[in-house]
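J.: What would the 3D arrangement of this be:
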Amino acid sequence: MNRPVSYACDPAQRYCECGRCALPPAPNIDLDAVAKLNRATTATAMCLILIALVLSVFAVGLWRTEQVHKAIVAERNV
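T.: As a prediction, the model looks like this:
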């Protein structure tokens, strides 16, 4: 009586009784969520920093223009 042993392996459901099935790696749910949040917050922060940089360049240019305008008006009034 040599019957082969039958195992109820289901690799798609990450279940293996025989120990020889190639199972996909288990996702680390907690770390995956943190990584996605980290990616989203980093992208948002970089976007806000870039917007702040562009606005500061515009503000400096506007301030310098005002200074030049004041100097021109001061020379005309002399």
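J.: quick check: mean pLDDT across stretch 65-78?
T.: Taken as a whole, stretch 65-78 has a mean pLDDT of 90.
J.: what stretches of this protein score poorly on pLDDT?
T.: Flagging of the chain using pLDDT under 70 yields the residue ranges 1, 5, 78.
J.: Let me see the ranges of the helices in this structure.
T.: With DSSP state H, the ranges of helices along the chain come out as 29-76.
J.: Report the central residue of it.
T.: Arg39 (2.1 Å; CA atoms, centre = their mean).
J.: quick one: that residue from Ile29, how far?
T.: With distances taken as CB to CB, to the nearest Å, Arg39 is found 16 Å from Ile29. Every C-beta, even on glycine, is put in place using the N, C-alpha and C of the backbone.
J.: quick one: contacts for Ala22?
T.: Contacts here follow CB atoms under 8 Å, 6 or more residues apart in numbering; on that basis Ala22 touches Pro11.
J.: Try it again at 10 Å.
T.: Counting by CB atoms under 10 Å, 6 or more residues apart in numbering, Ala22 makes contact with Pro11, Cys16.
J.: Now the phi/psi pair for it, please.
T.: phi -90, psi 100 (degrees, to the nearest 10).
J.: Can you tell me how far it is from Ala71?
T.: Using CB to CB, we find Ala22 at a distance of 76 Å from Ala71.
J.: Likewise for Asn28?
T.: Taken as CB to CB, the span from Asn28 to Ala71 is 63 Å.
J.: what's the answer for Asp10, then?
T.: Separation of Asp10 from Ala71 (CB to CB) stands at 81 Å.
J.: ditto for Leu62
T.: Computed as CB to CB, the Leu62 to Ala71 distance reads 15 Å.
J.: do Cys9 as well
T.: From Cys9 across to Ala71, the span is 84 Å (CB to CB).
J.: Of these two, which one has the most company?
T.: Per other CB atoms under 10 Å, whichever of Cys9 and Ala71 has more neighbours is Cys9, with 15 against 10.
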